[in-house]
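[1] Sharing a sequence plus its predicted fold:
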Amino acid sequence: LQLENRLRRALEQDELFLLFQPQYDIHSQALIGCEVLLRWQDPVEGLIMPGRFIPIAEDSGLIVPLGRWVLREACRQMARWRAQGLPLPKIAVNVSARQLARLDFIDEVRDALQESRLPGDCLEIEVTESTLMEDADLASRQLAMLKAMGVRLSVDDFGTGYSSLAYLKRFAPDTIKIDRSFVCDLPGDSEDAAIVSAIIHLARALGMSTLAEGVETVEQCDFLRQLGCGGIQGYLLGRPQDASAIARQLALPL
Ligand code: G
Ligand code: G
Ligand code: NA
Ligand code: MN
């Protein structure tokens, strides 16, 4: 409860901020997007990571105002980059089950885009498999409305949750994010190689793109390229960083 109260105050007192982790096309090396990652700068404790406070926000319902803030701030930042003429196609925002389940979530997304005068295709929503499965009928109605606005969908941490392949067909995400746990032991681990290869083939057959998370070495990157993976994200190419660092990077030629 103590952390919950502090988090509530943090939201009011501007202690939350966003970092952005770049996502690249594995072939052209062009920047294809940035994942938005929330941070909390507590005046006493210092930096607090989302692994510690997102579960508390979800349990208490604080994730709703907090998620609304993230969406709005992320869109504002995207609009600033665009106004500077920087070529960033989209931002990817993590969305929890409890946010997606609210009927006014769609209005919040529309408001955040409109306030920053952004087209829907500048925004990607990242949800986990379990978020989709929690109330699949509701999720599918909500996601259809977002899709009609041009908003993209990616499935986060793919392969780690409870899911069936039927839901991939049903939700038809634009992108499957291959979980870091399948990437970290590449290229040596033959089981992980088989899993990643199967995910990439499945995605391709279904007309979806793939993006590998947690890519830390050149060997992993080269191997993923050979397997036909479409995008990469990870410490090899860029840590989560602040908006000005992203802008500096975007201003450089390829
Ligand atoms: O770097 P990292 O520690 O930022 O992220 C840890 C986890 O926290 C990730 O699983 C990510 O999905 C989640 N996360 C980060 N930012 C947000 C956010 O704004 N909203 C939600 N719901 N989850 C987030
Ligand atoms: O669960 P989700 O995939 O949204 O979380 C992304 C998390 O992965 C964030 O905590 C982010 O900081 C972390 N991350 C991003 N790139 C790497 C990487 O190359 N290696 C490791 N170990 N973690 C990473
Ligand atoms: Na994510
Ligand atoms: Mn992820």
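    That came through, no problem. Ligands and ions are numbered 1, 2, ... in the order given.
[2] For the helix or strand where Trp40 lies, which residues meet the burial criterion?
    Here Trp40 sits within strand 31-42, counting by DSSP states H and E. The neighbour-count check on strand 31-42 (16 or more other CB atoms under 10 Å) flags 31-40 as buried. The C-beta positions use only the backbone N, C-alpha and C, and glycine is treated the same way.
[3] Can you tell me which helices and strands the helix or strand that it is followed by packs against?
    Note on strand 31-42: by DSSP H and E, the next helix or strand toward the C-terminus is strand 46-48. If contacts are counted by 3 or more CB pairs under 8 Å, 6 or more residues apart in numbering; DSSP states H and E, strand 46-48 sits against strand 31-42.
[4] how about the strand it packs on as PDB, C-alpha atoms only?
    Extracted C-alpha coordinates of strand 31-42, given in PDB (Å, rounded to 0.1, in the frame of the first residue of the first chain):
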ATOM      1  CA  LEU A  31      15.000   2.900 -37.600                       C
ATOM      2  CA  ILE A  32      11.400   1.500 -37.800                       C
ATOM      3  CA  GLY A  33      10.200   2.600 -34.400                       C
ATOM      4  CA  CYS A  34      10.800   3.000 -30.700                       C
ATOM      5  CA  GLU A  35       9.400   1.100 -27.800                       C
ATOM      6  CA  VAL A  36       8.200   3.400 -25.000                       C
ATOM      7  CA  LEU A  37       9.500   2.300 -21.600                       C
ATOM      8  CA  LEU A  38       8.300   3.900 -18.400                       C
ATOM      9  CA  ARG A  39      10.600   4.900 -15.500                       C
ATOM     10  CA  TRP A  40      10.000   6.400 -12.000                       C
ATOM     11  CA  GLN A  41      12.500   8.800 -10.500                       C
ATOM     12  CA  ASP A  42      11.700   8.600  -6.800                       C
END
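[5] Does at least one residue of that strand sit close to ligand 4?
    No: judged by CB under 5 Å from the ion, strand 31-42 stays clear of ligand 4, getting no closer than 7.6 Å.
[6] now check that strand, is it near ligand 3?
    No: judged by CB under 5 Å from the ion, strand 31-42 stays clear of ligand 3, getting no closer than 5.9 Å.
[7] what distance separates that strand from the centre of its chain?
    Its chain's average C-alpha position is 9 Å from that of strand 31-42, according to CA atoms, centre = their mean, to the nearest Å.
[8] mean confidence score for that strand?
    Computed over strand 31-42, the mean pLDDT rounds to 97.
[9] so what strands line up beside it?
    strand 16-25 (antiparallel), strand 46-48 (antiparallel), strand 91-94 (parallel) (DSSP bridges).
[10] Looking at those, which one is packed in the most?
    strand 91-94 (a mean of 24; mean count of other CB atoms under 10 Å).
[11] Just the residues contacting it, thanks.
    20, 23, 33-38, 70-71, 74-75, 77-78, 122-127, 152, 154, 156 (CB atoms under 8 Å, 6 or more residues apart in numbering).
[12] what sits up against the helix or strand hosting Leu202?
    Following DSSP H and E, one finds Leu202 within helix 190-205. Helix 190-205 is touched from outside by 158-159, 165, 168, 176, 178, 182-183, 185-187, 209-210, 212, 223-224, 227-229, with contacts defined as CB under 8 Å, 6+ apart.
[13] Distance from the chain centre to it, please.
    21 Å.
[14] Just checking, which helix or strand succeeds that helix along the chain?
    Using DSSP H and E, the helix or strand that follows helix 190-205 towards the C-terminus is strand 209-212.
[15] list the helices and strands that next one packs on?
    Strand 209-212 packs on strand 175-178, helix 190-205, strand 231-232, going by 3+ CB pairs under 8 Å, 6+ apart.
[16] now the ones you listed in a markdown table, with mean neighbour count, mean pLDDT and distance to ligand 3?
    What follows is the helices and strands packed on strand 209-212, written out as a markdown table (neighbours: other CB atoms under 10 Å; pLDDT from 0 to 100; distance: least, CB to the ion, whole Å):
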| stretch | mean neighbour count | mean pLDDT | distance to ligand 3 |
| --- | --- | --- | --- |
| strand 175-178 | 26 | 97 | 7 |
| helix 190-205 | 16 | 97 | 16 |
| strand 231-232 | 25 | 98 | 14 |
